[in-house]
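**Student:** Next comes the sequence, and after it the predicted model I'd like to discuss.
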Amino acid sequence: MDIRDFTRSVEVIDAHVHVLTSAAQARELYDYYLMRGPFMSGPMNPAALGTLEQALDVQERTGVRHMHIVMWTWSGAYYRDGQYVLPDDPAGRASGDRELRARVARRIRDNNDWALRTVRENPGFSCFCGIDPVVMDEQAMLDEVERTMRGGARGVKTQFPDLRLLANDRRLWPLYDYLQSREIPIQMVTAEWAPGLNRPAHCGEALAAFPKLRMIFSHIGHGREFSKGTDAEFLELARRYTNVCGDLSLRLPEVAEGHIRPEDMVAHLRRIGTDRILYGSNFPLNEVLHPDKTPAGGEYQLTQTLKGLEALATLPLTEGERADIAGRNFRRWVGLAR
Ligand SMILES: [Zn+2]
C-alpha cells in the first residue's frame, strides 16, 4: 500500500522519535551506547541515523505530519564510565566526582537546548526534555524542568534503565510532585528483558503517591510476551489511574510481522482504552534494532516505520478509534494546538 493514501485521510502524529543532534551523535549512540558496529556486534553502520535531515525526509516520504522528539542523553552510561578514571586519593576523587556530575549535567542541558532550538525552527516537531536525578541534585533537576518548559518543551523524558533507577526511587518524589501540580507529562520507559529493570509495577508506587501524574509509557509496557508481564502491569495502571497512557512504538511492527494477531491487539487496546493510546515509531531505534539489509550509501532503512504505519492503517479499529490513536489523542495529551 502507499502509506501516503492513509496519512492523507487521517492525521498521523508520531509521539516517539529520537532525533539525534548530528551524524556523529548517531554514530556514538550506535557504537557506544548500543555497543554495535565494526568492533562489536551487528552491521558496521546503523540502519538509520535519525538526524533532523532524515526525520524531515521520513515526514516527506510517509506523510506523517508531526513528530515528537523525546530528547534523551545517555547520561547514566557517561557517569558510570567517567567514574572509572577518577583518582585514588579521597579528596581528588570527591572533587573529580563533582566535576564529572557537572559535566554530564551540562551535556544534558546542551542536548535539551538543541531540541528546543530545533522545535522552534521546525514547526513539524515538538519535544520533551531530559533530566537525570543522579547527576543533578533536586534543585538542579527541577530548575531544568522549569527552564525547558519555559523554552517550549511539553514534558519530561526519562530513561531509567540507563540510569539504573526504578520509578519508586524516593529521589524522584519531588519531581513527581512538581509535575503533578503543574500537569506536566513524564515519559516512562519500562522493560522486562533483564530482571532489575524499571517496570510498570514500580511506577505504580509513584502513582499511588501522585495519582494525578500524567505518565506516558513507551511501547504500552513492552511485555516480552504480548499482554502478559509488563504489558499486563501497564494495563492495570491504565485501568486504575486516569492520567496514564502509552505509545505503540515497537509494538505495531509485531502485528505486521504476525507475532501479534490484529484482533488480539485491538482487544488489548480497547481494554486499555483507545483514548489512552498514541501512535509512535521510536525512529531511528526501531530501524537500528531490526536491521534488514545494509542501506546503500546515503540511504537509510525505513522498513520498521512503514510496517508500523501499515499496521495502524489496517488494524480492525473503528475509524474514530484509528483517528484518536493516529493523532487526536496526542494533541489532547500533550496539549498540541492545531
Ligand atoms: Zn525510544
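**Tutor:** Received the coordinates, thanks.

**Student:** Where do the helices of the stretch 101-250 of the chain begin and end?
**Tutor:** 138-150, 160-163, 173-182, 200-209, 229-240 (DSSP state H, counting those that start in this stretch).

**Student:** residues of the fourth one that come out buried?
**Tutor:** With burial defined by 16 or more other CB atoms under 10 Å, the residues of helix 200-209 counted as buried are P200, A201, H202, C203, G204, A206, L207. Placement of C-beta: from N, CA and C, glycine included.

**Student:** Out of those residues, which is nearest to E287?
**Tutor:** P200 (26.0 Å; CB to CB).

**Student:** ok, now how distant is the closest one from E28?
**Tutor:** Distance, P200 to E28, using CB to CB, to the nearest Å: 30 Å.

**Student:** For the protein, which segments count as strands?
**Tutor:** For the chain, applying DSSP state E gives strands covering 13-17, 66-70, 125-130, 156-157, 186-188, 215-217, 244-247, 277-278.

**Student:** Tabulate the helices of the stretch 101-250 of the chain (CSV), appending mean pLDDT and distance to I3.
**Tutor:** As requested, those are exported to CSV (pLDDT from 0 to 100; distance: least, CB to CB, whole Å):
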stretch, mean pLDDT, distance to I3
helix 138-150, 98, 33
helix 160-163, 94, 31
helix 173-182, 98, 35
helix 200-209, 96, 31
helix 229-240, 96, 26
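
**Student:** Rebuild these as CSV, extending it with distance to A313.
**Tutor:** Rendered in CSV, the data for the helices of the stretch 101-250 of the chain read as follows (distance: least, CB to CB, whole Å):
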stretch, distance to A313
helix 138-150, 34
helix 160-163, 31
helix 173-182, 34
helix 200-209, 28
helix 229-240, 23
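
**Student:** For A94, which of these is the nearest?
**Tutor:** Of the helices of the stretch 101-250 of the chain, nearest to A94 by CB to CB is helix 138-150, at 18.0 Å.

**Student:** Next, report how far that closest one is displaced from the centre of its chain.
**Tutor:** Relative to its parent chain, helix 138-150 has a centroid offset of 19 Å by CA atoms, centre = their mean, to the nearest Å.

**Student:** Counting by contacts, list what it packs against.
**Tutor:** helix 90-121, strand 125-130, helix 173-182 (3 or more CB pairs under 8 Å, 6 or more residues apart in numbering; DSSP states H and E).

**Student:** and the first one with strand 66-70, angle?
**Tutor:** Using axes from the mean of the first three to the mean of the last three CA atoms, to 10 degrees, the interaxial angle of helix 90-121 with respect to strand 66-70 works out to 170 degrees.

**Student:** Give the closest residue to R182 in space, chain neighbours not counted.
**Tutor:** M149 (7.9 Å; CB to CB, 6 or more residues apart in numbering).

**Student:** H16 versus that neighbour, what's the distance?
**Tutor:** In terms of CB to CB, M149 sits 19 Å off from H16.

**Student:** Neighbour count: these two, which is higher?
**Tutor:** Shown here are M149 and H16; by other CB atoms under 10 Å, H16 has more neighbours (27 against 17).

**Student:** nearest residue to that one other than its sequence neighbours?
**Tutor:** Excluding the flanking residues, the one nearest H16 by CB to CB, 6+ apart is G280, at 3.2 Å.

**Student:** Go through the helices and strands packed on helix 138-150 and pick out the most buried.
**Tutor:** strand 125-130 (a mean of 25; mean count of other CB atoms under 10 Å).

**Student:** Counting neighbours, what do you get for D132?
**Tutor:** Count around D132 with other CB under 10 Å applied: 25.

**Student:** residue ranges with poor pLDDT in the stretch 201-338 of the chain?
**Tutor:** Scanning the stretch 201-338 of the chain for pLDDT under 70 picks out no residues.

**Student:** Out of the helices and strands packed on helix 138-150, which is closest to M1?
**Tutor:** Per CB to CB, nearest to M1 of these: strand 125-130, 26.0 Å.

**Student:** Remind me what the closest one packs against, helices and strands.
**Tutor:** Secondary-structure packing of strand 125-130 (3+ CB pairs under 8 Å, 6+ apart): strand 66-70, helix 90-121, helix 138-150, strand 156-157.
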